[in-house]
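[1] next one to model:
(one chain, ligands or ions: 2)
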Amino acid sequence: MSALNKFRETMRRDQVFDIVNKQDYSEVDTSHGQILYVEDVTVSFDGFKAINELNFYIEVGELRCMIGPNGAGKTTMMDIITGKTKPDKGSVWFGQNINLLKMTEPEIAQAGVGRKFQKPTVFEHHNIFENLEMAMAGNKGVWATYRAKLSSEQHDRIMSVMDTIGLTDNSTQRAGALSHGQKQWLEIGMLLMQNPRLLLVDEPVAGMTHQEMDKTGELLTSLAGEHSVVVVEHDMDFVRSIAKKVSVLHQGSILAEGTMDEVQNNQKVIEVYLGE
Ligand SMILES: Nc1ncnc2c1ncn2[C@@H]1O[C@H](COP(=O)(O)OP(=O)(O)OP(=O)(O)O)[C@@H](O)[C@H]1O
Ligand SMILES: [Mg+2]
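    Ligands and ions are numbered 1, 2, ... in the order given. From the prediction side, this is the model:
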């Protein structure tokens, strides 16, 4: 065995990449109970205000549902929090001390904000275990670290996330062979490998069967508490099944906030949805 290979065998991934070990969010100051502060945010595209004086707060550990008609600004709101779009004005803080508007997309992800897009982006040719393993290494150096040894804590962490997403029985199955719903759960699992404090999930149940929707509802509900979760979804039956507090977005602003019953009986909300 070459000296290099010998070296590779003995080095542990957590010693190579500190991101693998990153679970310490002591730097996010949530002592006031809020994990996300979005204040007076406005963003225009060619003069059109997609987000208009948007204000909302997310509490530590809460599960928030965001609804609103097509074009209300829901996805743009997530683009702003994750650094993909920079607003024209306003502020976005992660905890009391981290100014997300001053950070790049990778920095925001690293700070503990995870985002799930609608289309799953799993590695189709790798099995579930490997997908989670690669997600743990982060975007950087996946292949460079591939031959380094997994510590037992890292192995346990993968098994624990696999259990959370309900795919333990499929661990050696290729991701490409999974159902649409299973791929979505795997992708949520891949996000969890990075230990996000805040999870943003855009239209998680689009294209799912009713059974898959139920499981997704259980999964997202179980993640709240340890994580703060923001779910954007059009399927009202699904939202009703998981909702605690619901925010209604309309023309880039919060139109109403409350329980599902409160927002569904809100006259302004009824008008917006009837007018669709
Ligand atoms: N990069 C962009 N350039 C120009 N216009 C944009 C851009 N991103 C979003 N928009 C516009 O901003 C508005 C809000 O879009 P957004 O995708 O945030 O809505 P949404 O609430 O997510 O809608 P849906 O429920 O259909 O997903 C829309 O009118 C959209 O066309
Ligand atoms: Mg959208």
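
[2] please make it C-alpha for all contacts and neighbour counts, starting now.
    Will do.

[3] I'd say Thr259 and Arg240 touch.
    No: using Cα atoms under 8 Å as the test, Thr259 is too far from Arg240 to be in contact (9.3 Å).

[4] gap between Pro204 and Thr168?
    Look at Pro204 and Thr168: by Cα to Cα, to the nearest Å, they are 21 Å apart.

[5] more neighbours: which of these two?
    Pro204 (26 against 16; other Cα atoms under 10 Å).

[6] now the helix or strand containing Thr216 - C-alpha only, CSV.
    Assigned by DSSP states H and E, Thr216 belongs to helix 210-223. C-alpha atoms of helix 210-223 as CSV (Å, rounded to 0.1, in the frame of the first residue of the first chain):
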residue,chain,number,x,y,z
HIS,A,210,-52.0,10.8,0.1
GLN,A,211,-50.1,8.2,2.1
GLU,A,212,-46.8,10.0,1.3
MET,A,213,-48.4,13.3,2.4
ASP,A,214,-49.3,11.8,5.7
LYS,A,215,-45.8,10.6,6.3
THR,A,216,-44.3,13.9,5.2
GLY,A,217,-46.6,15.7,7.7
GLU,A,218,-45.4,13.4,10.5
LEU,A,219,-41.8,14.0,9.5
LEU,A,220,-42.0,17.8,9.4
THR,A,221,-44.0,17.8,12.7
SER,A,222,-41.3,15.6,14.3
LEU,A,223,-38.5,17.9,13.1
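
[7] how about the next helix or strand after that helix and ligand 1, any contact?
    With elements assigned by DSSP H and E, the helix or strand that comes after helix 210-223 is strand 228-232. No: Strand 228-232 stays clear of ligand 1 (Cα under 6 Å from any ligand atom), getting no nearer than 8.3 Å.

[8] and strand 228-232 with helix 210-223, angle?
    Orientation of strand 228-232 against helix 210-223 (axes from the mean of the first three to the mean of the last three Cα atoms, to 10 degrees) gives an angle of 150 degrees.

[9] need the contact list for Thr164.
    Gly189, Leu219 (Cα atoms under 8 Å, 6 or more residues apart in numbering).

[10] tell me the confidence at it?
    Predicted confidence (pLDDT) for Thr164: 97.

[11] and the end-to-end length of stretch 159-169?
    With Cα to Cα, one end of stretch 159-169 sits 11 Å from the other.

[12] how about it: buried residues?
    For stretch 159-169, the neighbour count (16 or more other Cα atoms under 10 Å) marks Met159, Val161, Met162, Thr164, Ile165, Gly166, Leu167, Thr168 as buried.
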